[in-house]
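**Q** got a structure for you, letters missing:
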């Protein structure tokens, strides 16, 4: 099983645990209010949750092995878990009522909700695009769970009527709780005893806080519903003003609009180089290698290059986007850049602008001879659709390999041999575009 598949399975398992912990947080207060009845479906469900939580402890102990961590780190990771989250998970797993016969002790199992909060926090960091929606969903989740607990507390202060179904009485309590928390307070359900009055005052104070929180966050969500889209619309507005002022022809205006629309739909309007430049050097190197290493190692005369050289070249590759119909290189021009295709399709056209040698797609490259020799291009390359490319210029490449003289000599020999075997003007190798 690959590391990616293992991570996906762990995420699904964490989702199952989160759903189970939420279900437990709903059922335990109901059991406390309604009473622990032997043979009750709630108790059967409680035991199922106990077994699942016990398995979750084993899963977290085995997690370093599943994720293929280094052996030297296994012991440290396991000990850290047992000293930290392991204690929380153990407290949430133990069936306290059955061990000690005290129903209130089962509230200790709410510790598992700390896991849910941790998962929600991790999900929030990864859901930048949908962060406002996620924040609203998270608030609804915690508000609903809190309303359920408060409704159970209201039921605990009442003597349950024997002539009404338990679910009806619960809905009655939940109705009172929601109207109080939202500061609506119709007054059709009122406290009668001192305990109920104190409880109602506490819920009222909480309701004021909830009301203020909701109003403030809704206003914030409306103002920042989508920062990326706001950035895109601001850019488009400035472009529109500029092109109208400079009387740019409508066809060219449309091409500019299409280009920025493509960036918005595929990158949320943000430039890859700008994002990488904000990362610390170590993270920038790792991300660059992940995105570009496969491209670099496909170049024939770079096979066998050291890790250090591959890393330097990966950091120097610059992303560029071409729109459909754009000529990336022209036959006859002096080549000074090599190109790697990340996404898109290009066609290689002869100098006569009619003969098509072939097409190149994701993962292909062209123009590598330009890194070694400053001579005219032997063919043109035109984008057939929107193309995301990485480009490497000759000066940067020469500066990088100058620190590896032995490999530079080896590379020159390979390139010369390739040129002798495959003439520059041969139409049989569309990927050999100088």
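**A** Received the coordinates, thanks. Predicted model, so just to flag it, every value in this text is computed and none were measured.

**Q** unless I'm mixing things up, residue 364 is touching residue 343, no?
**A** No. Taking contacts as Cβ atoms under 8 Å, residue 364 lies outside contact range of residue 343: 11.4 Å. C-beta here means a position set from N, CA and C on the backbone, and glycine is covered the same way.

**Q** And the contacts of the strand or helix carrying residue 288?
**A** Assessed by DSSP states H and E, residue 288 sits inside helix 281-298. Outside helix 281-298, the residues within contact range by Cβ atoms under 8 Å, 6 or more residues apart in numbering are 276-277, 279, 302-303, 305, 310-311, 313-315, 317, 340, 342, 363, 365, 390.

**Q** Could you pick out the buried ones from those?
**A** Among the contacts of helix 281-298, those scoring as buried are 276, 302, 305, 310-311, 313-315, 317, 340, 342, 365, 390 (criterion: 16 or more other Cβ atoms under 10 Å).

**Q** what stretches of this protein score poorly on pLDDT?
**A** Applying pLDDT under 70 to the chain flags residues 1-4, 36-40, 42, 65-73, 123-133, 220-228, 267-271, 301, 415, 417-434.

**Q** What is the lengthiest helix in the chain packed up against?
**A** Assignment by DSSP state H gives helix 3-34 as the longest helix of the chain. Here helix 3-34 touches helix 41-66, helix 113-126, helix 131-156, going by 3 or more Cβ pairs under 8 Å, 6 or more residues apart in numbering; DSSP states H and E.

**Q** closest one to residue 404 among the ones you listed?
**A** Taking Cβ to Cβ, helix 41-66 is the member of those nearest to residue 404, at 36.8 Å.

**Q** Could you identify the helix or strand that succeeds that closest one?
**A** By DSSP H and E, the next helix or strand past helix 41-66 is helix 71-83.

**Q** ok and that following helix relative to helix 41-66, angle-wise?
**A** With axes from the mean of the first three to the mean of the last three Cα atoms, to 10 degrees as the basis, helix 71-83 and helix 41-66 are set at 150 degrees to each other.

**Q** Run through who's touching the next helix or strand after helix 71-83.
**A** Going down the chain from helix 71-83, the next helix or strand is helix 85-93, by DSSP H and E. Helix 85-93 is contacted from outside by 21, 50, 53-54, 56-57, 60-61, 108-112, 114-115, using Cβ under 8 Å, 6+ apart.

**Q** how about residue 386, what does it touch?
**A** Residues in contact with residue 386 (Cβ under 8 Å, 6+ apart) are 262, 266, 321, 322, 323, 324, 343, 344.

**Q** Could you export the helices and strands packed on helix 3-34 as a markdown table, including mean neighbour count?
**A** Formatted as a markdown table, those follow (neighbours: other Cβ atoms under 10 Å):
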| stretch | mean neighbour count |
| --- | --- |
| helix 41-66 | 15 |
| helix 113-126 | 14 |
| helix 131-156 | 17 |
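
**Q** if we can go back for a sec, out of the contacts of helix 85-93, the closest to residue 331 would be?
**A** Closest to residue 331, out of all of the contacts of helix 85-93 and judged by Cβ to Cβ, is residue 60, at 60.5 Å.

**Q** Leaving out chain neighbours, which residue sits closest to the closest one?
**A** Distances taken as Cβ to Cβ, 6 or more residues apart in numbering place residue 81 nearest to residue 60, at 5.6 Å, with adjacent residues excluded.

**Q** quick one, helices of the stretch 151-300 of the chain?
**A** For the stretch 151-300 of the chain, helices defined by DSSP state H, counting those that start in this stretch occupy the ranges 166-181, 194-223, 227-245, 250-267, 272-277, 281-298.

**Q** Save the ones you listed as a markdown table, and put in distance to residue 32 too.
**A** As requested, the helices of the stretch 151-300 of the chain are exported to a markdown table (distance: least, Cβ to Cβ, whole Å):
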| stretch | distance to residue 32 |
| --- | --- |
| helix 166-181 | 13 |
| helix 194-223 | 15 |
| helix 227-245 | 44 |
| helix 250-267 | 52 |
| helix 272-277 | 50 |
| helix 281-298 | 48 |
